[in-house]
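Asks: Build me a model from this:
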Amino acid sequence: MSNPYFEEAQKLYSGDAFSQWMGVELVDVKENYCLIKMPIKAEMINGLKSVHGGVTFSLADSALAFSSNTKGDAAVALNCYINFMKAVRLGDTLTAESIMLNDTRKTAVYEITVKNQDNELMATFRGTVYKIGKKLADL
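Replies: Next comes the predicted model:
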């Protein structure tokens, strides 16, 4: 059975060179929801021998993008913040699950949880998107 939300996310992913470079994989996509995963690579490690916080933020930001654009209407990040719970290490595989909390005519708020392969909570991320009034296909 066809999943139009997954198909829309795949279109977005096909033009997202950064998410591709990070090794992001789409696992599940539904209306206003997505689950993605990413392996941690050596080039993501900082001088403290843990994953650079920007990598974890970027994974959560990608989840925000894929979940907020599932219906083909373009939405961009307006405000985002992250709370780091535990250090991510080389060899970890992270998942980011994005769930919509609130939706208005021009904005929406999403909660993203980032977990490791042992289902440990590594970070929480909250993102607000602005709906720009254009279709993804027109960008």
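Asks: Would you mark the buried spots in the least confident helix or strand in the chain by mean pLDDT?
Replies: Here the helix or strand of the chain ranked lowest by mean pLDDT, DSSP states H and E is helix 4-14, holding a mean of 94. Buried positions in helix 4-14, judged by neighbour count with 16 or more other Cβ atoms under 10 Å: 5-6, 8-9, 12-13. (C-beta placed from N, C-alpha, C; glycine too.)
Asks: Tell me which helix or strand comes right after it.
Replies: Proceeding N to C from helix 4-14, the next assigned helix or strand is helix 17-22, under DSSP states H and E.
Asks: How about that following helix, which residues are buried there?
Replies: Residues of helix 17-22 classed as buried: 19, 22 (neighbour count, 16+ other Cβ under 10 Å).
Asks: Determine the angle, from 0 to 180 degrees, between the next helix or strand after it and helix 4-14.
Replies: Once helix 17-22 ends, the next helix or strand along the chain (criterion: DSSP H and E) is strand 25-30. Interaxial angle, strand 25-30 versus helix 4-14 (axes from the mean of the first three to the mean of the last three Cα atoms, to 10 degrees): 150 degrees.
Asks: Direction included, what does strand 25-30 pair against?
Replies: With DSSP bridges as the test, strand 25-30 is paired with strand 33-39 (antiparallel).
Asks: name the helices or strands packed onto the least confident helix or strand of the chain?
Replies: Where contact means 3 or more Cβ pairs under 8 Å, 6 or more residues apart in numbering; DSSP states H and E, helix 4-14 is packed against strand 25-30, helix 53-68.
Asks: which one of the ones you listed is the most hemmed in?
Replies: Ranked by mean neighbour count, these are led by helix 53-68 with a mean of 23 (mean count of other Cβ atoms under 10 Å).
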